[in-house]
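Asks: I need the structure of the sequence given here:
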Amino acid sequence: MGILAREPLLSGLPPADRAALLAVGTRRHFDAADRLIQQGVTDDFVLAISGGWAAVRADAANGRAFLLALCGPGDVVGELSVLDGGPHNATVIALTPLEAHVVSSACFHRFLANHSAAGVALLRGMALRLRAIDAHSRDLATLPVAQRLARLLVTLDQDGPRRTPAVRLPQQELAAAIGATRESVAKCLAALRSRGVLVTAGRQITVVDRAALAAIAEL
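Replies: Just a heads-up that it's a prediction; the model follows:
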């Protein structure tokens, strides 16, 4: 689905470069629901996330909101605005308590100038993100809601350090991520529950039969 980065930027940096980037930033704590970045605003900093998760949302002209990405440990957000000087194209909101290093624009540019491997990692991260967006756009245009939801849940249920708590997102957020209505997502979740593929408790979704979910997703 393209809402979860396959390779966080910080993990692609040599350890010394990663430490150097964090060293020039100021560590900050954010509470769940705090707004880290505001769409349409031009800031002079980037955020290097070291703990917790955030949602990247964009508001369209017709009033609809879209969940573009989920960011977690190792991700850097706000870099596009710092690189091109333009306003942010999305809002970033903490989903959980979150720790991040705030790196000023001047420090970030100086860091890239002095650490060539970091520039390569940044370009690679952008390329992966563009590929993911392309794949996500194709899914939105061609797949039915049930399959789009299944692909999203498979992505979010991956094992490993990047496993995300986003399966606790409300149905409205799940719908925004796959370009569907909350009602259609609720119907799909009910169908998956009835088939024993998953169970729900409040906002928590637990995948019981991952093989079946992957089959529905056709992955």
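Asks: so L152 versus L95, what's the distance?
Replies: As for L152, its distance to L95 is 15 Å (criterion: CB to CB, to the nearest Å). Any C-beta I mention is one placed from the backbone N, CA and C, and that applies to glycine too.
Asks: neighbour count winner among these two?
Replies: Between L152 and L95, L152 has the larger neighbour count (other CB atoms under 10 Å), namely 26 against 20.
Asks: pull the distance from the helix or strand harbouring that one to the chain's centre.
Replies: Assessed by DSSP states H and E, L152 sits inside helix 145-156. Its chain's average C-alpha position is 15 Å from that of helix 145-156, according to CA atoms, centre = their mean, to the nearest Å.
Asks: how many neighbouring residues does Q172 have?
Replies: A count of nearby residues for Q172, using other CB under 10 Å, gives 13.
Asks: can I assume it sits in a helix?
Replies: Yes: judged by DSSP: H, G, I helix; E, B strand; the rest coil, Q172 forms part of a helix.
Asks: quick check: it touching E183?
Replies: No: between Q172 and E183 there is no contact, the gap being 10.3 Å when judged by CB atoms under 8 Å.
Asks: quick check: beta-bridge partners of the residue most central in space within the chain?
Replies: Within the chain, the residue whose C-alpha comes closest to the C-alpha centroid is L70; the distance, by CA atoms, centre = their mean, is 1.6 Å. For L70, the beta-bridge partners are L4, A55 (DSSP bridges).
Asks: doesn't A54 make contact with it?
Replies: Yes: because the distance of 7.4 Å satisfies CB under 8 Å, L70 is recorded as touching A54.
Asks: so where's this protein uncertain?
Replies: 1-7, 158-168, 219 (pLDDT under 70).
Asks: all the helices of it, residue numbers only.
Replies: 15-23, 79-84, 105-114, 116-142, 145-156, 171-178, 182-194, 210-217 (DSSP state H).
Asks: so which of these gets nearest Q39?
Replies: For those, the distance to Q39 is smallest for helix 79-84, at 10.3 Å, taking CB to CB.
Asks: helices or strands up against that closest one?
Replies: In this structure, helix 79-84 makes packing contacts with strand 45-51, helix 105-114, judged by 3 or more CB pairs under 8 Å, 6 or more residues apart in numbering; DSSP states H and E.
Asks: any idea which of the ones you listed gets closest to G202?
Replies: strand 45-51 (23.6 Å).
Asks: alpha carbons of stretch 147-160, as CSV, please.
Replies: What follows is stretch 147-160 as a C-alpha-only set of coordinates in CSV (Å, rounded to 0.1, in the frame of the first residue of the first chain):
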residue,chain,number,x,y,z
GLN,A,147,-8.8,-5.9,-1.5
ARG,A,148,-7.4,-2.5,-0.7
LEU,A,149,-8.3,-2.9,2.9
ALA,A,150,-6.7,-6.4,3.0
ARG,A,151,-3.5,-5.0,1.5
LEU,A,152,-3.4,-2.2,4.0
LEU,A,153,-3.8,-4.6,7.0
VAL,A,154,-1.2,-7.0,5.6
THR,A,155,1.3,-4.1,5.4
LEU,A,156,0.6,-2.9,8.9
ASP,A,157,0.8,-6.4,10.4
GLN,A,158,4.3,-7.0,9.3
ASP,A,159,6.7,-8.5,11.8
GLY,A,160,9.9,-6.8,12.9
